[in-house]
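> Here is the input, now give the coordinates:
(2 chains)
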There are 2 protein chains.
Amino acid sequence: MKKFLAIVAYDGTNFCGFQIQKDARTVQKVIEQALERIFKQRVTISASGRTDTGVHAVGQAVVFNCPIHIDSTSMKNALNANLPDDVYVRKIIEVTEDFHPRFDAKRRIYHYFLYNSREPNLFIRNYAWWFPYELDIEKMRMAAKFLEGEHDFKSFMKSDHVEQNTTRTIYRIRIVKMRGRLILIRVEGRSFLRRMVRNIVGALVKVGTGEWDIEKIKELLELKDRSQAAATAPSHGLYFYSVDF
Amino acid sequence: MKKFLAIVAYDGTNFCGFQIQKDARTVQKVIEQALERIFKQRVTISASGRTDTGVHAVGQAVVFNCPIHIDSTSMKNALNANLPDDVYVRKIIEVTEDFHPRFDAKRRIYHYFLYNSREPNLFIRNYAWWFPYELDIEKMRMAAKFLEGEHDFKSFMKSDHVEQNTTRTIYRIRIVKMRGRLILIRVEGRSFLRRMVRNIVGALVKVGTGEWDIEKIKELLELKDRSQAAATAPSHGLYFYSVDF
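Numbers count the residues shown, from 1 in each chain, chains lettered A, B, ... in the order given. Coordinates of the predicted model:
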């Protein structure tokens, strides 16, 4: 049986996250429903990363077995014709039978957008975190340097979550001032703990306002205690941008 | 009694247009409801231009009488605290008793955004018209020149609409290639007929694809017949950008 990898974008605003849940609109559910209409049978998809409620994706990777005879272009068109307008399949690639979107992922990139302006912009209210206070980008960049490399990120994990191994590697964090008062925080790593990117953004913003010293980030890593950390940045600024295999 | 002019932005996606209607969510209704909560009495607002379902505003001008003692900054804050998150009051100015937002308007500017790319971008699906075919911007600019100045715009009016005087003056039309495959069509005039901007955009796009010659726009003006014109461009690309008094 053919196995397909789909690169999927979605607007997380009206989804209760990626993972299937009873009585909730999730990305996995609408994709599996679309596939069921096309294949006339149920299939289960697997993805590179689960995203929380409100989190968007530009390039989520989704894998499924294909029980019918169809080429990748027709598969893409059939899926898009059966998906709601807040999910879009950008590309379909045939993969080998042993391919796994989670375990085979070598690099994941997340984007986080801040809208840094005194006045809100309602047209992007679901697509960037409106942050009305001044931010020192240089300080945020210096603080981000402490997070690059292999560390125990226990202080940056979802507080009520249990995870055996909380060591992760961040390849790089870039902070870019964009046009239109947008600030992009781009985080690259192999894999991430739950809420890790949003907790990193929350901490960097505290450095940016001057509430925290740059060194506080280093201390937090050493403390390994989530309760000492900053508030989690809101979900609607976060995008699962891409994954490399 | 004080009279206030409010400069209001709104995301038209979830509104049935501006004007109050029974059993429909309209911009006028939510603003009047917010004012009623603040003033503890009903007030009626008037605006510079009515926008249709799905049409956005960056700078709609809204005027109302203020029966309580309040300064303009507090008025702005009180309104924003009582408005839903898809309407935002950008500014409040005190105006004289005889000020009228419709009759005193000297210049109105509308913006229309096209997203000109083969693949759609779901994050702007409600904010720009996705147009996947190639457009010749130079031809569109030449065609737009025919529309500038004083003309009978009967061919560009909402088809089932009755209007005594269909002569209007367009001061200027600018077509700008923006970043991210966006095309902005900016139309400046004193006042406009219903659907006029969207019908102009529909016609210019026909010239851009090559389906129509540039001269067809001139002919349309002379024909004074809506049935000969292009399809109306969709509402979600249109923004009531600003009004000068």
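> Report how many residues lie close to the closest residue to residue A:157 other than its chain neighbours.
Here the nearest residue to residue A:157 in space, its sequence neighbours aside, is residue A:193; by C-beta to C-beta, 6 or more residues apart in numbering or on different chains that works out to 4.3 Å. The C-beta positions use only the backbone N, C-alpha and C, and glycine is treated the same way. Counted with other C-beta atoms under 10 Å in any protein chain shown, the neighbours of residue A:193 add up to 19.
> Against chain B, how distant is residue A:193?
Going from residue A:193 to chain B by C-beta to the nearest C-beta, to the nearest Å gives 26 Å.
> Now find how far off-centre the lowest-mean-pLDDT helix or strand in chain A is within its chain.
Of all the helices and strands that make up chain A, the one with the lowest confidence by mean pLDDT, DSSP states H and E is helix A:215-223; it has a mean of 93. A distance of 24 Å separates the centroid of the chain from that of helix A:215-223, by C-alpha atoms, centre = their mean, to the nearest Å.
> tell me which residues of it are tucked away?
Within helix A:215-223, the residues that count as buried by 16 or more other C-beta atoms under 10 Å in any protein chain shown are A:216, A:217, A:220, A:221.
> quick one: the residue nearest to residue A:157 from residue A:153, how far?
Computed as C-beta to C-beta, to the nearest Å, the residue A:193 to residue A:153 distance reads 6 Å.
> Mutual contacts of these two, please.
Both residue A:193 and residue A:153 are in contact with A:166, A:168, where contact means C-beta atoms under 8 Å, 6 or more residues apart in numbering or on different chains.
> and residue A:239, how many neighbours?
So residue A:239, with other C-beta under 10 Å, has 27 neighbours.
> got the phi/psi numbers for it?
phi -130, psi 130 (degrees, to the nearest 10).
> okay, it: pLDDT?
pLDDT recorded at residue A:239 is 98.
> Where does the spatially most central residue of chain A fall, secondary structure wise?
The residue lying closest to the centre of chain A (C-alpha atoms, centre = their mean) is residue A:240, at 3.0 Å. Remark: residue A:240 resides in strand A:238-244, with elements defined by DSSP states H and E.
> Please identify the helix or strand for the most far-flung residue of chain A relative to its centre.
For chain A, the largest distance from the centre (C-alpha atoms, centre = their mean) belongs to residue A:69, which lies 32.3 Å off. Under the assignment given by DSSP H and E, residue A:69 is not contained in any helix or strand.
> can you check residue A:202 too?
Assigned by DSSP H and E, residue A:202 belongs to helix A:196-209.
> Show me what from chain A comes close to chain B.
By C-beta under 8 Å from any C-beta of the partner chain, the residues of chain A that approach chain B are A:9-11, A:56, A:85-88, A:90, A:119-120, A:122-123, A:125, A:127, A:179.
> Give me the buried subset of these.
Using 16+ other C-beta under 10 Å, the buried ones in the residues of chain A next to chain B are A:9-11, A:56, A:86-88, A:90, A:120, A:122-123, A:125, A:127.
> which of the residues you listed sit farthest apart?
Spatially, the most separated pair among these is A:90 and A:120, at 29.9 Å (C-beta to C-beta).
> Just give the closest residue to residue A:203, not the sequence neighbours.
Spatially, and ignoring its direct neighbours in sequence, residue A:203 is nearest to residue A:230 (4.5 Å; C-beta to C-beta, 6+ apart).
> Would you mind confirming that that neighbour is in contact with residue A:202?
Yes: the criterion here is C-beta atoms under 8 Å, and residue A:230 meets it with residue A:202 at 3.9 Å.
> out of these two, which sits in the more crowded spot?
residue A:230 (22 against 19).
> show me what contacts that one?
Taking C-beta under 8 Å, 6+ apart as the test, what residue A:230 contacts is A:199, A:202, A:203, A:205, A:206, A:212.
> which one of the residues you listed is nearest residue B:103?
residue A:205 (47.3 Å).
> Look at the closest residue to residue A:104 other than its chain neighbours and say how many residues are nearby.
Once flanking residues are discounted, residue A:104 sits nearest to residue A:245: 5.0 Å by C-beta to C-beta, 6+ apart. Other residues lying near residue A:245 total 15 when counted by other C-beta under 10 Å.
> Residue A:68 too?
12.
> Let me see the backbone angles for it.
The phi/psi pair for residue A:68 (degrees, to the nearest 10) is phi -120, psi 170.
> got a pLDDT number for it?
So, for residue A:68, pLDDT stands at 95.
> thought it was touching residue A:39?
Yes: under the criterion of C-beta under 8 Å, residue A:68 makes contact with residue A:39 at 5.7 Å.
> and residue A:148, what does it touch?
Per C-beta under 8 Å, 6+ apart, neighbours of residue A:148: A:170, A:171, A:172, A:173.
> Then residue A:58?
Neighbouring residues of residue A:58 by C-beta under 8 Å, 6+ apart: A:9, A:111, A:239, A:240, A:241, A:242.
> Tell me if it really is in a strand.
Yes: under DSSP: H, G, I helix; E, B strand; the rest coil, residue A:58 falls within a strand.
> Once you drop chain neighbours, what's closest to residue A:196?
That would be residue A:156: by C-beta to C-beta, 6+ apart, it lies 5.0 Å from residue A:196.
> quick check: domain ranges of chain A?
A:2-95, A:107-244 (automatic domain parsing).
> What's the end-to-end length of the longest one?
So the one you mean is domain A:107-244. End-to-end distance for domain A:107-244, by C-alpha to C-alpha, to the nearest Å: 5 Å.
> Please apply the same query to the shortest one.
The stretch domain A:2-95 measures 8 Å between its terminal residues, going by C-alpha to C-alpha.
> again with stretch A:7-21
Distance between the boundary residues of stretch A:7-21 (C-alpha to C-alpha) amounts to 22 Å.
> quick one: contacts of it?
Counting by C-beta under 8 Å, 6+ apart, A:24-29, A:31-32, A:47, A:49-62, A:86-93, A:126, A:235-236, B:122-123, B:125 sit against stretch A:7-21.
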